[in-house]
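Participant: no sequence on this one, just coordinates:
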């Protein structure tokens with residue numbers, strides 16, 4: 001498990017696992033859980049954000065269930081009593097496959113990129129508790145630890161390396177606030193002097209442009225989106241970029257936005273991140 005602040009990650013913990021989040025949950029905190037769902041007689045696993053060491057008060061219960069066609073249950077437990085369940089009828093996990101869950105804590109809710117969101121309760125002390133509901137184990141996926149930058153003041157433009165470059169399951173997170181008078185900003189994933197992925201929200205055109213630049217020449221722009229412009233002047237945002245074997249998946253504020261098929265195929269060589277334009281950065285994980 002890896003935390004986006006300065007707290008050291010928990011590596012290869014025994015299951016069930018319980019560990020303290022130093023300072024409790026805070027607005028903008030991002031918590032990453034990596035693991036692999038093993039084939040066993042178990043059909044569920046759980047990640048709980050709970051108040052104190054007992055399980056009487058669970059602020060957020062995240063419970064993928066492989067029963068029926070598969071779904072995810074979200075809930076809250078107060079003074080030993082469960083509230084009404086929220087069921088997300090999507091199953092992003094597969095038996096035998098590694099996974100990465102990124103929890104984004106906001107003042108009003110928890111936002112995981114792409115597939116769920118649920119209400120949270122006030123928390124003073126928080127414990128992550130991961131359990132297997134039936135016999136079996138869950139082990140972390142061995143990946144290169146992400147580089148995180150907890151300092152809220154970032155130089156702009158911002159440049160950093162991506163340790164190990166891109167590979168399937170690798171994720172990059174960029175959070176910030178759009179300036180009130182913003183015209184444009186961009187997030188670039190670079191390979192040497194080439195730009196493998198250019199994500200370019202343009203407020204003057206009300207569009208998010210995607211492109212690739214190879215040998216100083218831009219390719220064809222991609223502009224279509226399944227939903228309206230997700231970035232708003234004067235408001236905060238969180239962009240989550242997940243690398244898969246054939247494409248990049250992009251979610252904004254916990255909602256899937258688009259896919260971009262790789263034009264540069266040498267993924268490990270895509271090892272630099274650039275962020276520039278009319279925003280103030282608050283968090284980067286590369």
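Facilitator: That came through fine. Nothing here was measured: the structure is a model prediction, and the numbers come from that model.
Participant: how deep is the closest residue to residue 29 other than its chain neighbours tucked in, by neighbour count?
Facilitator: Of all residues not flanking residue 29 in the chain, residue 105 sits nearest, at 4.4 Å (CB to CB, 6 or more residues apart in numbering). Bear in mind the C-beta positions are built from the backbone N, C-alpha and C, glycine included. Using other CB atoms under 10 Å, residue 105 has 22 other residues around it.
Participant: Bridged to residue 105, which residues?
Facilitator: residue 110 (DSSP bridges).
Participant: how close does it sit to residue 87?
Facilitator: 22 Å (CB to CB, to the nearest Å).
Participant: what do you get for residue 262?
Facilitator: 34 Å.
Participant: same thing with residue 29?
Facilitator: Applying CB to CB to residue 29 and residue 87 gives a distance of 26 Å.
Participant: Neighbour count for these two, which is higher?
Facilitator: residue 29 (20 against 12).
Participant: Just the pLDDT for that one.
Facilitator: The model reports residue 29 with a pLDDT of 74.
Participant: again with residue 194
Facilitator: So residue 194 comes in at 97 (pLDDT).
Participant: Contacts only, for it.
Facilitator: Contact analysis of residue 194 by CB atoms under 8 Å, 6 or more residues apart in numbering lists 212-215, 264.
Participant: likewise residue 204?
Facilitator: 183-184.
Participant: give me phi/psi at it?
Facilitator: phi -70, psi -20 (degrees, to the nearest 10).
Participant: Residue 88 touches residue 65, doesn't it?
Facilitator: No. With contact defined as CB atoms under 8 Å, residue 88 does not count as touching residue 65 (10.4 Å).
Participant: Residues that sit against both of the two, list them.
Facilitator: 71-73.
Participant: want to throw those residues into a markdown table with secondary structure, distance to residue 35 and neighbour count?
Facilitator: A markdown table is the format used below for these (DSSP: H, G, I helix; E, B strand; the rest coil; distance: CB to CB, whole Å; neighbours: other CB atoms under 10 Å):
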| residue | secondary structure | distance to residue 35 | neighbour count |
| --- | --- | --- | --- |
| 71 | strand | 19 | 15 |
| 72 | strand | 15 | 20 |
| 73 | strand | 18 | 16 |
